[in-house]
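Student: My questions are about this predicted structure, shown below with the sequence.
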Amino acid sequence: MSAGRIKGIFRWVFFLWLLIHLAKASECFCSLGDSSTPAQSRPNAASEIVGFMKSKTCFNGISQPGMEWIKVDKTEIFIRKHSLTACPDGLAQITSGIHHTRNGFETLKTQKTTNSRLRREERRFLLDSVNHAQCDFEVQSFCSWRNIQGGQDDFDWVLYQSSTPTDDTGPKFDHTLNNATGSYIFIESSAPRNTLDTAWIQSPEINATVEPVHCFRFWYHMFGSSIGSLNIYQVTHGILPGNLVWSLTGAQGSTWMEGQVPLSSNHSYSMLISGIVGDGYQGDIAIDDVSVSPGYCDVKPSIASRTNVTNTAIQCTLCKVNPQLCFVLTKVEMCPDSYCINEVTNKEDGSKWVDRRCGTYDECENDWWHSTSDDPDCQDYKPDQNTMKDIHCTYCCTTDNCNRDIKPAQDTLYTHPKK
C-alpha cells in the first residue's frame, strides 16, 4: 500500500475520532437559580428521579446534538437541558468537590474511578440535595444532616453498618442496600445512656416552593424490649426542636418500616429527627433513606400523626372513556395533587382529541419550562372551531374543575413563581 493511501486512511480515522470526541465532549452547565433541579436515571421524563441538584450548581456534562438531555459526566444520571444554563463567564473551575466561587455559583467536577463506592460519592451533589434533604447515608456520610451541638440534647446519632452492638435490638442491615456494606444512623441506648436521654439530628434548610405541601419520607427501625420514642419535628425560624409532626413510642417490629408525613411549605424550614432512650439497653432506634418531595402524602403509620396539614386535593374533569371521545364524555373526580391537565391534540385534517387527567407538580413544572400553554398556537386555539393545523397543547391548571373548558381560563393556569 502506498504511503499516500496510508496517510489518507489515517486522516479519515482521525477525522472520525475527532467527530466522536466532539460529540461526547464535556461542557460546563449550571442549574438555574430559583429552585432545585431533578436528576433522573434515564433520558426520559417518566424515569426515576434519583435526586435533585441544588440551585446555582455547576457541573461537567455531555451534550449531544438534537438531544434534550444532558448526561452528567462520569455518571449514569441525566438532567433535562431546559433546566440548565451555560456556565457564567469567569466561573472558577476546580479539580474535585463542591466549592463556592466569587459569583455565587457552586462547581462540581467529577473524576473517573473504578471504585463503586467512590462513584456513589461523585453523585453526592445529586443524592444529597440541600434543597430536599435527601440522604441514604451511604459512603459513610451524614450528607448535609448534622448532629445538634451546644448542649441542647444529650448525645449524638451514630453512622453505622451491619447490626448494632447490642443483641436483640436494632437492624441487621441498612434499608438501602440490605447488606453489611450499607449504612444507616441509629441511637445507642446502652450505658452511659439514661432513660429519656435525647439525640437530635437536623437537615439542611429546605426552600419554600410554589407547591403548598411537601412530604417528608424516611424508613425507621424500632426493635427491642425497651424502645423509647422517635419524634419528627418541622423547624421554622431556627427555633429548636420545632413543631412536632410525627411521633411513635415503643417497639414496632423487627423490620424496616416506611414513615411519611405532610408538611406546610409556605416558608423555608428544616427537619429534626429526635430519638429518645427508653427504660433499658435494648432500645436502639435506626433511620435510613430520608427525603423531602413536593406534594401531599398521607401520614404513615396513621397513629404517628401529629400534623394539622390536610390533603390539598381538588376536583378535575376527567375522561370517561378514551381521549377521542373526551370532548363530551367526561366525569368529575378528586385529584390528590392540586393539578388538572388538558392535553389537546389537533391535526391538519381538523381531527382533534383531548386527554383530561389529574396532574402532578413535576408534569406542570416541566410543561411550564417548555412554555407549552404559552405557545401562540395554544394561546389562540379555539376548541369550538375547526383548525386545519398540527397543534399540541398541554394546559395545567390549579383550581377546582378548572379544566372543564378545553382551554382553561388564563388565571387558573400553573405559573412558575419566578415568572
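Tutor: Alright, I've got the coordinates. Residues are numbered from 1 along each chain as shown.
Student: shaky segments in the stretch 151-300 of the chain?
Tutor: Applying pLDDT under 70 to the stretch 151-300 of the chain flags the ranges 210-212.
Student: where do the strands sit along it?
Tutor: When assigned using DSSP state E, counting those that start in this stretch, the strands of the stretch 151-300 of the chain occupy the ranges 158-161, 183-187, 198-202, 213-222, 229-235, 243-249, 257-264, 270-276, 285-294.
Student: and the last one, how far from the chain's centre?
Tutor: Its chain's C-alpha centre lies 12 Å from the corresponding centre of strand 285-294 when counted by CA atoms, centre = their mean, to the nearest Å.
Student: thinking again about what came up before, how about TSV for the strands of the stretch 151-300 of the chain, with distance to Asp411 and mean neighbour count added?
Tutor: Backbone N, C-alpha and C define where each C-beta goes, glycine included. Listed next are these as TSV, based on distance: least, CB to CB, whole Å; neighbours: other CB atoms under 10 Å:
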stretch	distance to Asp411	mean neighbour count
strand 158-161	50	17
strand 183-187	46	24
strand 198-202	39	21
strand 213-222	22	23
strand 229-235	31	23
strand 243-249	33	19
strand 257-264	24	19
strand 270-276	34	24
strand 285-294	22	23
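Student: Quick one: those strands as a markdown table, columns for distance to Gln134 too.
Tutor: Shown next, in a markdown table, are these (distance: least, CB to CB, whole Å):
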| stretch | distance to Gln134 |
| --- | --- |
| strand 158-161 | 16 |
| strand 183-187 | 14 |
| strand 198-202 | 15 |
| strand 213-222 | 9 |
| strand 229-235 | 16 |
| strand 243-249 | 18 |
| strand 257-264 | 14 |
| strand 270-276 | 11 |
| strand 285-294 | 4 |
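Student: do you know which of those strands lies nearest Phe59?
Tutor: strand 285-294 (20.7 Å; CB to CB).
Student: got the angle between the closest one and strand 213-222?
Tutor: For strand 285-294 against strand 213-222, the angle between stretch directions is 170 degrees (axes from the mean of the first three to the mean of the last three CA atoms, to 10 degrees).
Student: helices or strands up against strand 285-294?
Tutor: strand 183-187, strand 213-222, strand 270-276 (3 or more CB pairs under 8 Å, 6 or more residues apart in numbering; DSSP states H and E).
Student: Restrict the shortest one to CA atoms and write it as PDB.
Tutor: Presented in PDB, the C-alpha positions along strand 183-187 are these (Å, rounded to 0.1, in the frame of the first residue of the first chain):
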ATOM      1  CA  SER A 183     -25.000   2.500  56.200                       C
ATOM      2  CA  TYR A 184     -27.800   4.000  58.400                       C
ATOM      3  CA  ILE A 185     -27.900   6.100  61.500                       C
ATOM      4  CA  PHE A 186     -29.100   5.000  65.000                       C
ATOM      5  CA  ILE A 187     -29.200   5.900  68.600                       C
END
